[in-house]
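Visitor: Sequence first, then the predicted structure:
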Amino acid sequence: MEHFKRTDRVNDELKRLLGDLIEREVQDPRVGFVTVLDVEVARDFSVATVYVTLSEDEDTEETLAGLKAAAGFLRKRVGESMSLRLTPELHFVYDTSLDRGFRMDALLKQIADDRNDDA
């Protein structure tokens, strides 16, 4: 039987909850379509790093500023929804892994196309 650490369970619940809250309750016009990819809570639960990605037409810096402005509201809602002794401070980070993946796919496709042209 596989055992999960408490931090893993809290990470998963925060990811789900923050995704819902950002989509449904954040009214800041700077925050458009945001996807919460991952959450990493510190071992002492004092800080949670929230990794997000945006749709292509979103301004990364503006969106992160909007999320930073909404962090207090989101933290309060997390505290109301989850039974944690300490509600973590939320830090939002733009996750570039999807961008890198798309770039790699494009490069691999270009290499394959170049090989097909040479054949």
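Guide: Structure received.
Visitor: Look up how far residue 92 lies from the nearest residue to residue 28 once chain neighbours are set aside.
Guide: Excluding its sequence neighbours, the residue lying closest to residue 28 (C-beta to C-beta, 6 or more residues apart in numbering) is residue 66, at 4.1 Å. The C-beta positions use only the backbone N, C-alpha and C, and glycine is treated the same way. Separation of residue 66 from residue 92 (C-beta to C-beta, to the nearest Å) stands at 9 Å.
Visitor: Please apply the same query to residue 43.
Guide: Counting by C-beta to C-beta, the gap from residue 43 to residue 92 is 20 Å.
Visitor: just residue 81 next, same as before
Guide: With C-beta to C-beta as the criterion, residue 81 and residue 92 are 18 Å apart.
Visitor: between those two, who's got more neighbours?
Guide: residue 92 (23 against 14; other C-beta atoms under 10 Å).
Visitor: thought residue 94 was touching residue 60?
Guide: Yes - using C-beta atoms under 8 Å, residue 94 is in contact with residue 60, at 5.2 Å.
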